[in-house]
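Chemist: could you work out the structure for the sequence below:
(chains A and B)
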Amino acid sequence: AQSVSQHNHHVILSEAASLELGCNYSYGGTVNLFWYVQYPGQHLQLLLKYFSGDPLVKGIKGFEAEFIKSKFSFNLRKPSVQWSDTAEYFCAVTEYNTDKLIFGTGTRLQVFP
Amino acid sequence: ETGVTQSPTHLIKTRGQQVTLRCSSQSGHNTVSWYQQALGQGPQFIFQYYREEENGRGNFPPRFSGLQFPNYSSELNVNALELDDSALYLCASSYQGQGQETQYFGPGTRLLVL
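Modeler: Residues are numbered from 1 along each chain as shown, chains lettered A, B, ... in the order given. Next up is the predicted model:
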(Lines give C-alpha, C1' and ligand atoms only; values in the text may rest on other atoms or scores of the structure.)
Protein backbone atom coordinates (compact mmCIF):
# COMPACT_ATOMS: atom_id res chain seq x y z
CA ALA A 1 0.00 0.00 0.00
CA GLN A 2 1.04 3.53 -0.70
CA SER A 3 2.61 5.32 2.26
CA VAL A 4 4.16 8.70 3.00
CA SER A 5 7.02 9.29 5.42
CA GLN A 6 7.89 12.55 7.07
CA HIS A 7 11.04 11.96 9.04
CA ASN A 8 11.14 15.30 10.86
CA HIS A 9 8.45 15.13 13.52
CA HIS A 10 9.32 18.37 15.30
CA VAL A 11 11.54 21.15 13.99
CA ILE A 12 12.55 24.23 15.97
CA LEU A 13 14.11 27.19 14.18
CA SER A 14 14.92 30.81 14.77
CA GLU A 15 13.52 33.45 12.46
CA ALA A 16 15.51 33.88 9.23
CA ALA A 17 16.83 30.32 9.36
CA SER A 18 16.40 28.14 6.31
CA LEU A 19 13.91 25.28 6.32
CA GLU A 20 13.83 21.92 4.64
CA LEU A 21 11.21 19.31 5.55
CA GLY A 22 11.59 15.83 4.18
CA CYS A 23 8.87 13.79 2.48
CA ASN A 24 9.21 10.36 0.89
CA TYR A 25 6.52 8.23 -0.66
CA SER A 26 6.41 4.57 -1.54
CA TYR A 27 4.47 4.30 -4.80
CA GLY A 28 6.54 3.67 -7.91
CA GLY A 29 4.05 4.89 -10.48
CA THR A 30 2.83 8.33 -11.46
CA VAL A 31 1.81 10.40 -8.46
CA ASN A 32 0.44 13.79 -7.61
CA LEU A 33 2.16 15.45 -4.65
CA PHE A 34 0.95 18.04 -2.17
CA TRP A 35 2.05 19.98 0.86
CA TYR A 36 -0.67 21.19 3.21
CA VAL A 37 -0.22 23.44 6.24
CA GLN A 38 -2.33 23.64 9.38
CA TYR A 39 -1.80 26.85 11.36
CA PRO A 40 -2.83 26.75 15.03
CA GLY A 41 -6.61 26.78 15.25
CA GLN A 42 -7.09 26.88 11.49
CA HIS A 43 -8.05 24.38 8.83
CA LEU A 44 -5.73 22.54 6.45
CA GLN A 45 -4.60 24.81 3.64
CA LEU A 46 -2.86 23.93 0.40
CA LEU A 47 0.71 25.25 0.25
CA LEU A 48 1.70 23.84 -3.12
CA LYS A 49 1.15 20.91 -5.46
CA TYR A 50 2.92 18.98 -8.18
CA PHE A 51 1.10 17.19 -10.98
CA SER A 52 3.60 17.24 -13.85
CA GLY A 53 6.17 19.43 -15.58
CA ASP A 54 8.87 21.42 -13.82
CA PRO A 55 9.85 19.40 -10.72
CA LEU A 56 10.54 22.58 -8.77
CA VAL A 57 7.22 24.03 -7.72
CA LYS A 58 6.58 27.29 -5.96
CA GLY A 59 3.74 27.77 -3.53
CA ILE A 60 2.31 30.45 -1.33
CA LYS A 61 4.22 32.40 1.32
CA GLY A 62 7.64 31.80 -0.24
CA PHE A 63 7.57 28.00 0.02
CA GLU A 64 8.86 25.72 -2.71
CA ALA A 65 9.26 21.98 -3.14
CA GLU A 66 11.31 19.78 -5.40
CA PHE A 67 10.09 16.48 -6.82
CA ILE A 68 12.94 14.01 -7.24
CA LYS A 69 11.45 10.93 -8.88
CA SER A 70 14.56 8.76 -8.42
CA LYS A 71 14.48 9.37 -4.68
CA PHE A 72 10.67 9.20 -4.30
CA SER A 73 10.96 12.53 -2.52
CA PHE A 74 9.13 15.85 -2.41
CA ASN A 75 10.94 18.01 0.12
CA LEU A 76 9.59 21.37 1.20
CA ARG A 77 11.91 24.36 1.47
CA LYS A 78 11.87 27.97 2.50
CA PRO A 79 15.03 30.10 2.51
CA SER A 80 14.08 32.26 5.49
CA VAL A 81 11.32 31.33 7.94
CA GLN A 82 9.17 33.73 9.91
CA TRP A 83 7.46 33.38 13.27
CA SER A 84 4.15 33.20 11.37
CA ASP A 85 5.30 29.95 9.72
CA THR A 86 4.78 28.14 13.02
CA ALA A 87 2.36 25.37 12.07
CA GLU A 88 1.97 21.67 11.29
CA TYR A 89 3.05 20.67 7.78
CA PHE A 90 1.68 17.63 5.99
CA CYS A 91 2.97 15.99 2.86
CA ALA A 92 0.36 14.05 0.85
CA VAL A 93 0.23 11.91 -2.25
CA THR A 94 -2.42 10.71 -4.64
CA GLU A 95 -1.86 8.02 -7.21
CA TYR A 96 -2.37 9.11 -10.80
CA ASN A 97 -6.05 9.56 -11.71
CA THR A 98 -7.27 9.15 -8.15
CA ASP A 99 -7.78 11.82 -5.56
CA LYS A 100 -7.62 9.75 -2.41
CA LEU A 101 -5.04 11.68 -0.40
CA ILE A 102 -2.53 9.70 1.63
CA PHE A 103 -0.93 11.86 4.27
CA GLY A 104 2.26 11.65 6.22
CA THR A 105 2.17 12.01 10.00
CA GLY A 106 3.10 15.67 9.80
CA THR A 107 5.97 17.88 10.96
CA ARG A 108 5.44 20.40 13.68
CA LEU A 109 7.45 23.55 12.99
CA GLN A 110 8.10 26.07 15.72
CA VAL A 111 9.79 29.34 14.80
CA PHE A 112 11.10 31.57 17.56
CA PRO A 113 11.69 35.31 17.11
CA GLU B 1 -11.06 30.31 3.74
CA THR B 2 -11.98 27.60 1.26
CA GLY B 3 -15.75 27.84 1.20
CA VAL B 4 -16.07 24.37 2.71
CA THR B 5 -18.12 24.45 5.89
CA GLN B 6 -18.69 21.77 8.50
CA SER B 7 -21.07 21.39 11.40
CA PRO B 8 -21.00 21.10 14.28
CA THR B 9 -17.57 22.38 15.27
CA HIS B 10 -17.38 20.26 18.42
CA LEU B 11 -19.34 17.30 19.67
CA ILE B 12 -19.26 15.08 22.76
CA LYS B 13 -20.86 11.63 22.65
CA THR B 14 -20.74 8.51 24.75
CA ARG B 15 -19.66 5.05 23.69
CA GLY B 16 -22.33 3.20 21.70
CA GLN B 17 -24.10 6.32 20.50
CA GLN B 18 -24.49 7.41 16.90
CA VAL B 19 -23.32 10.68 15.37
CA THR B 20 -23.96 12.59 12.14
CA LEU B 21 -21.50 15.17 10.85
CA ARG B 22 -22.30 17.56 8.01
CA CYS B 23 -20.32 19.20 5.24
CA SER B 24 -21.16 21.79 2.61
CA SER B 25 -18.82 21.72 -0.34
CA GLN B 26 -17.25 24.67 -2.09
CA SER B 27 -19.35 26.19 -4.84
CA GLY B 28 -18.77 24.40 -8.15
CA HIS B 29 -17.38 21.24 -6.55
CA ASN B 30 -19.06 17.87 -7.11
CA THR B 31 -16.97 15.58 -4.91
CA VAL B 32 -16.67 15.29 -1.16
CA SER B 33 -14.08 13.26 0.73
CA TRP B 34 -14.00 12.57 4.45
CA TYR B 35 -10.89 12.12 6.57
CA GLN B 36 -10.26 11.22 10.21
CA GLN B 37 -7.35 12.96 11.94
CA ALA B 38 -6.43 11.45 15.28
CA LEU B 39 -4.34 13.50 17.68
CA GLY B 40 -0.75 13.76 16.48
CA GLN B 41 -1.45 11.98 13.21
CA GLY B 42 -2.04 12.90 9.61
CA PRO B 43 -5.56 12.70 8.18
CA GLN B 44 -6.71 9.23 7.07
CA PHE B 45 -9.07 8.75 4.16
CA ILE B 46 -12.49 7.39 5.16
CA PHE B 47 -14.43 7.56 1.87
CA GLN B 48 -15.36 9.78 -1.02
CA TYR B 49 -18.69 10.64 -2.62
CA TYR B 50 -19.11 11.64 -6.25
CA ARG B 51 -22.52 12.31 -7.78
CA GLU B 52 -24.24 10.86 -4.71
CA GLU B 53 -22.41 7.52 -4.93
CA GLU B 54 -19.56 6.20 -2.79
CA ASN B 55 -16.44 6.44 -4.93
CA GLY B 56 -13.71 4.79 -2.92
CA ARG B 57 -13.29 3.81 0.69
CA GLY B 58 -10.39 3.60 3.09
CA ASN B 59 -9.76 1.07 5.81
CA PHE B 60 -12.75 1.93 7.99
CA PRO B 61 -15.48 -0.44 9.20
CA PRO B 62 -19.05 -0.37 7.83
CA ARG B 63 -20.31 1.53 10.88
CA PHE B 64 -18.79 4.55 9.11
CA SER B 65 -21.24 5.49 6.38
CA GLY B 66 -22.08 8.53 4.37
CA LEU B 67 -24.42 10.31 2.03
CA GLN B 68 -24.11 12.94 -0.62
CA PHE B 69 -27.08 15.07 -1.58
CA PRO B 70 -28.04 16.56 -4.96
CA ASN B 71 -26.53 19.90 -3.91
CA TYR B 72 -23.25 18.01 -3.27
CA SER B 73 -23.33 18.51 0.47
CA SER B 74 -22.54 15.42 2.49
CA GLU B 75 -23.04 13.64 5.78
CA LEU B 76 -20.78 11.27 7.67
CA ASN B 77 -22.54 8.87 10.02
CA VAL B 78 -20.80 6.80 12.64
CA ASN B 79 -22.75 4.13 14.53
CA ALA B 80 -21.84 2.35 17.75
CA LEU B 81 -19.22 4.92 18.69
CA GLU B 82 -15.98 3.68 20.23
CA LEU B 83 -13.46 5.61 22.31
CA ASP B 84 -10.96 5.44 19.43
CA ASP B 85 -13.38 7.35 17.21
CA SER B 86 -12.38 10.49 19.10
CA ALA B 87 -10.71 12.62 16.44
CA LEU B 88 -10.99 15.62 14.15
CA TYR B 89 -13.17 14.76 11.17
CA LEU B 90 -12.32 16.66 8.04
CA CYS B 91 -14.35 17.14 4.94
CA ALA B 92 -12.71 18.11 1.65
CA SER B 93 -14.35 19.09 -1.60
CA SER B 94 -13.03 18.99 -5.13
CA TYR B 95 -14.16 19.05 -8.73
CA GLN B 96 -13.74 15.71 -10.45
CA GLY B 97 -13.48 15.61 -14.17
CA GLN B 98 -10.36 17.53 -15.09
CA GLY B 99 -7.84 14.90 -14.11
CA GLN B 100 -5.85 16.94 -11.65
CA GLU B 101 -8.09 17.45 -8.70
CA THR B 102 -7.12 19.48 -5.66
CA GLN B 103 -9.01 18.99 -2.44
CA TYR B 104 -9.97 21.93 -0.27
CA PHE B 105 -10.59 21.28 3.38
CA GLY B 106 -13.15 22.53 5.84
CA PRO B 107 -12.37 23.46 9.46
CA GLY B 108 -13.34 20.05 10.79
CA THR B 109 -15.58 18.67 13.50
CA ARG B 110 -13.85 17.63 16.70
CA LEU B 111 -15.55 14.57 18.15
CA LEU B 112 -14.93 13.37 21.68
CA VAL B 113 -16.26 9.96 22.68
CA LEU B 114 -16.47 9.30 26.42
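
Chemist: residues in contact with the closest residue to A:Ser14 other than its chain neighbours?
Modeler: In this structure, A:Ser14 finds its nearest non-sequential neighbour in A:Phe112, 5.5 Å apart by Cβ to Cβ, 6 or more residues apart in numbering or on different chains. No exception for glycine: its C-beta is placed from N, CA and C like everyone else's. Going by Cβ atoms under 8 Å, 6 or more residues apart in numbering or on different chains, A:Phe112 touches A:12-15, A:83.

Chemist: confidence score at the residue of chain B found nearest chain A?
Modeler: Chain B approaches chain A most closely through B:Gly42 (3.3 Å), counting by Cβ to the nearest Cβ. B:Gly42 is assigned a predicted lDDT (pLDDT) of 94.

Chemist: with the one 3 residues further on instead?
Modeler: The predicted structure scores B:Phe45 at 95 on the pLDDT scale.

Chemist: tell me the spacing between the residue of chain B closest to chain A and A:Leu76.
Modeler: Applying Cβ to Cβ, to the nearest Å, one obtains 14 Å for the distance of B:Gly42 from A:Leu76.

Chemist: repeat that for A:Asp99.
Modeler: When Cβ to Cβ is applied, the distance between A:Asp99 and A:Leu76 equals 21 Å.

Chemist: quick one: B:Asn55 and B:Val32 touch, right?
Modeler: No: counting by Cβ atoms under 8 Å, no contact exists between B:Asn55 and B:Val32, whose distance comes to 9.7 Å.

Chemist: right, I'll call it a day here.
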